[in-house]
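Student: I would like to see how this sequence folds:
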Amino acid sequence: MFSRTAIFFSLLLAGSLGAAPLLPLRVVESTQMNFGHPLSELLDGDVNPGNGVDMDRAQFQEQVIVFATEQPVSAQVFQFTTWHISKEHGAYPAQMELAVTSDAKPDRHSINWKPLKPNLVMTDSFPRNPGLVRAEGDSIYFSEGLEQTVLTVRAPSPLTGVTGFRLRFIPVDASHISGQRVIGRSRNGNCVINEFQIQPDPLRSSNVALGRPVRASGPVYEGLYPHFLTDGFAASFSHPAELHPARDFHYEVDLGSSRPLDYIVLRSRLDGTAPERLGDYEVQVLADDGSGTPGEIRWRARLRQDGSHVPPGGRDVIQAEDGTGGSFSGRFVRIVNPIDAQCRPQVGEVEVYPQLHPRIEMVSADGREIGQPEDLPPGTRTLGFTLAAGKDDPAPELLVFRWRRAKAENQSWTECKSGEPVKVACEKPGSYPFEFQARHTDGRWSRQIQTHTFTLPIKWWQSPVRLGAIAVSVLVGAAGLAWWASVRRLRNKLQLAQAARAIEQDRLRIARDMHDDIGARLTHMALLADRLKRSPGHDPALLTKLAGEARGTVGALDQIVWAVNPRHDTLGSLSDYLCNHATGYLADAGLSCHFESPPSGRESVLPFAIRHPLLMAVKEALQNVVKHAGASRVTISLQSKNDAIELAVSDDGRGITRPEQDPGDGDGLDNMRGRLAEVGGTCIIGPSPAGGTRVTLSVPWTAHA
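Tutor: Next comes the predicted model:
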């Protein structure tokens, strides 16, 4: 009997009930130190009858044991569990009290202890013996009648920053021991304690079935309610009522929402009764049909068909590969009896653990936060990051993580807490892949291994690709610079050639003008001189004609000199010259002249290449007026526009007799057009507003000082 009891309690301790992790403790002191075993056995996880503290020969006085935490702990609720297992019948406490303190150094003499007032008390024999244990005020009282027991108590915490726990065993009157007060319920009043465990906030867990509603498909045994399957107590359990159809009876846990699952845990009863009734069972995971009720079965598994069963206090851990189906995910979990055997399944606790998806956050390079990039800054020597729970992971503050370098030889896992900095040396540029996991609150590592790869690029001047690109860029730049210099030289040569050609053309124009005008006049003068020499006497008419030709030659030479003089390369100089020439020329012919010129822009540069063709064209137009128009008045207008200079010569004579584009206009008109065409200009002949002829001369030109 006792060995079997020891076995199932050992199985119980093999895994917690999925609540918050056990609080690390150390024993500070006790009332009597000679208990035959070291006090550290109270925290070693071993609940065998020969392990722990036996208070024999100290049972007639109050006993106190003080435990200290590694660091201050704040919780809304503490759950503590004590094991009282012994070969001695009834060696469990008679009256017990648990208190807490926030003193820096807890001890049993401190006056700052605050008792925990239990609001829920349960033992492993609770369903069969509900009156065995009760809470009154600050104390917990045990009745007689059991061989041994395991006590679980929940109580709100009266303090924050708890640093110590005090366990008191208080003497009570014993009817079978006359005149003595004892601390235990054994024949001689002895008390044994094998193990002491504390869980802060026990209902905070990654077990998403904890506290969730449970539905039974039929009636259950009186007092063994379906919700005992998710209450977090190993001592409570439920099973179907007798004389009810057994096949397909099931418990159904509603998880509240659909989610992918990691594993499911089923725990058996602790009391060792009917252990075979958690064997040959089926587990199903069902989807939500959209209205909050069970829909299709998405996954199912038939377990322990070989006749085996979950041992007392033991558990079955069920994973996706244990069954079949499209997806190990859903909202509802069913535990089904697929056979005709009565009163099964009998389940102590159902725990459901979802998939966990921890993530990397707060990445740093050489101590400087850089967000969460995939690529690290070149030259990084130390990579830092923290691990945190995923967005939908339950109990994120309770999860523990571990990480390792992936694909690295002999790289072991390293544990860390949420937000705890992880530092990794970056030996050289390349990829740094990491694997990491989260641990559920029952101590099992999530089966999902997350991965993340950081890349440390080489420095830009060390990259062969970049070096090649730089070399190509330098070559292209050098080639481009050489090409630009070559183009510039060619452009300069072209400009020089164009300037030389312009000078050459100007020289040709001057030579042509001198040949056509000055040469003709000098030839005429030579002929007149020969006639005068041959004629008898001196003919006054010939002398007069010779003098006129000489004056005309001087005037033509003056015109050429004016045209080539760079001092006259302005719009004002052209205006003045044309006004003087036209006024004098037309006055000799008996015609009046009206000259219009712009009042501004007189200092604008007007080069010889434009002045000379305009001057010659105007002279040609004036000659045509004098010879052919029969006019009495001539108007000359000079205008400077945005991109051209325009001269208009209008008269009030007979007007034109055919369109100006007619090629038979005569040599004078052809000369005007030819001169202006050489500099990109135009000559348009049309009717004048005064009734005569209007000659419009236009040459491209941009005004600038």
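Student: now residue 681: how far from residue 579?
Tutor: 21 Å (CB to CB, to the nearest Å). Every C-beta, even on glycine, is put in place using the N, C-alpha and C of the backbone.
Student: so which of these two has more stuff around it?
Tutor: Applying other CB atoms under 10 Å to residue 681 and residue 579 shows that residue 681 carries more neighbours, namely 23 against 16.
Student: ok, now which ones touch that one?
Tutor: Residues counted as contacts of residue 681 (CB atoms under 8 Å, 6 or more residues apart in numbering) are 613, 697-700.
Student: at 6 Å what do you get?
Tutor: The neighbours of residue 681, taking CB atoms under 6 Å, 6 or more residues apart in numbering as the test, are 698-699.
Student: now the phi/psi pair for it, please.
Tutor: Backbone torsions of residue 681, given as degrees, to the nearest 10, read phi -100, psi -180.
Student: so what's the residue count around residue 85?
Tutor: Neighbour count for residue 85, taken as other CB under 10 Å: 25.
Student: one more: residue 24?
Tutor: Applying other CB under 10 Å, we find 12 residues neighbouring residue 24.
Student: skipping its backbone neighbours, what lies nearest it in space?
Tutor: residue 70 (4.9 Å; CB to CB, 6 or more residues apart in numbering).
Student: now the helix or strand the one you found falls within: buried residues?
Tutor: Secondary-structure assignment from DSSP states H and E places residue 70 in strand 63-73. Within strand 63-73, the residues that qualify as buried by neighbour count (16 or more other CB atoms under 10 Å) are 63-69, 73.
Student: report the mean per-residue pLDDT for it.
Tutor: Averaging the model's pLDDT scores along strand 63-73 yields 94.
Student: that one: how far from the chain's middle?
Tutor: Strand 63-73 has its C-alpha centroid displaced from the chain centroid by 46 Å (CA atoms, centre = their mean, to the nearest Å).
Student: could you tell me the angle between the very next helix or strand once past it and strand 63-73?
Tutor: Once strand 63-73 ends, the next helix or strand along the chain (criterion: DSSP H and E) is strand 77-84. Orientation check (axes from the mean of the first three to the mean of the last three CA atoms, to 10 degrees): strand 77-84 against strand 63-73 gives 140 degrees.
Student: now the helices for the stretch 351-500 of the chain?
Tutor: Under the criterion DSSP state H, counting those that start in this stretch, the stretch 351-500 of the chain carries helices at the ranges 464-513.
Student: how about the chain?
Tutor: Taking DSSP state H, the helices of the chain run over residues 2-13, 464-513, 520-534, 540-564, 571-588, 608-624, 667-677.
Student: give me the pLDDT value at residue 551.
Tutor: Residue 551 is assigned a pLDDT of 68 by the prediction.
Student: ok, now which ones touch residue 372?
Tutor: If you count contacts by CB under 6 Å, 6+ apart, then residue 372 has residue 363 around it.
Student: what about stretch 420-440, start to end distance?
Tutor: With CA to CA, to the nearest Å as the measure, the ends of stretch 420-440 fall 18 Å from one another.
Student: that stretch: which residues count as buried?
Tutor: Of the residues in stretch 420-440, those with enough neighbours to count as buried (16+ other CB under 10 Å) are 422, 426, 429, 432, 434-440.
Student: and if you look at stretch 379-388?
Tutor: 380, 383-388.
Student: let me see the contact set for residue 220.
Tutor: Residue 220 sits next to 238, 240-241 when contact means CB under 6 Å, 6+ apart.
Student: hang on, the earlier thing: any idea which of the helices of the chain has the lowest pLDDT on average?
Tutor: Per-segment confidence across the helices of the chain bottoms out at helix 2-13, which has a mean of 37 in mean pLDDT.
Student: wait, isn't residue 384 in contact with residue 366?
Tutor: No - counting by CB atoms under 6 Å, residue 384 sits too far from residue 366 to count as a contact (8.3 Å).
Student: ok, residue 455 - contacts?
Tutor: With CB under 6 Å, 6+ apart as the criterion, the residues that contact residue 455 are 375, 431.
Student: 10 Å instead, please
Tutor: Residues in contact with residue 455, defined by CB atoms under 10 Å, 6 or more residues apart in numbering, are 373-376, 429-433.
Student: need the pLDDT of the residue nearest to residue 406 when sequence neighbours are not counted.
Tutor: For residue 406, ignoring the flanking residues on the chain, the nearest one in space by CB to CB, 6+ apart is residue 433 at 4.0 Å. The score at residue 433 is 93. That number is its pLDDT.
Student: same question, residue 688
Tutor: In this prediction residue 688 is given a pLDDT of 87.
Student: and for it, the neighbour number?
Tutor: Around residue 688 sit 21 other residues, with neighbours defined as other CB under 10 Å.
Student: which two from the buried residues of strand 63-73 end up farthest apart in space?
Tutor: Using CB to CB, the pair of the buried residues of strand 63-73 lying farthest apart is 63 and 73, separated by 24.4 Å.
Student: so residue 453 sits against residue 383, correct?
Tutor: No - counting by CB atoms under 10 Å, residue 453 sits too far from residue 383 to count as a contact (11.6 Å).
Student: can you pull the residues that touch both of these two?
Tutor: Listed contacts common to residue 453 and residue 383 are 432, 434; contacts here mean CB under 10 Å, 6+ apart.
Student: okay, now residue 283: neighbour count?
Tutor: Other residues within reach of residue 283 by the criterion other CB under 10 Å amount to 22.
Student: gap between it and residue 227?
Tutor: To residue 227, residue 283 is 19 Å away according to CB to CB.
Student: ranking the contacts of residue 220 by neighbours, who comes first?
Tutor: For the contacts of residue 220, counting by other CB under 10 Å, the largest number of neighbours falls to residue 240: 25 neighbours.
Student: contact partners for it?
Tutor: Shown here is residue 240, whose contacts under the criterion CB under 10 Å, 6+ apart are 216-221, 224, 246, 249-251, 277, 337, 342-346.
Student: go on, residue 596?
Tutor: Here residue 596 is in contact with 575, 579, 635-639, 648 (CB under 10 Å, 6+ apart).
Student: most neighbours, which of those residues?
Tutor: Comparing the contacts of residue 596 by number of neighbours (other CB under 10 Å), residue 636 comes first, having 24 neighbours.
Student: okay, now the sheet partners of the top strand by length along the chain, with direction.
Tutor: Scanning the chain for the strand with the most residues, using DSSP state E, yields strand 250-267. Using DSSP bridges, strand 250-267 pairs in its sheet with strand 214-216 (antiparallel), strand 315-318 (antiparallel), strand 329-336 (antiparallel), strand 349-354 (antiparallel).
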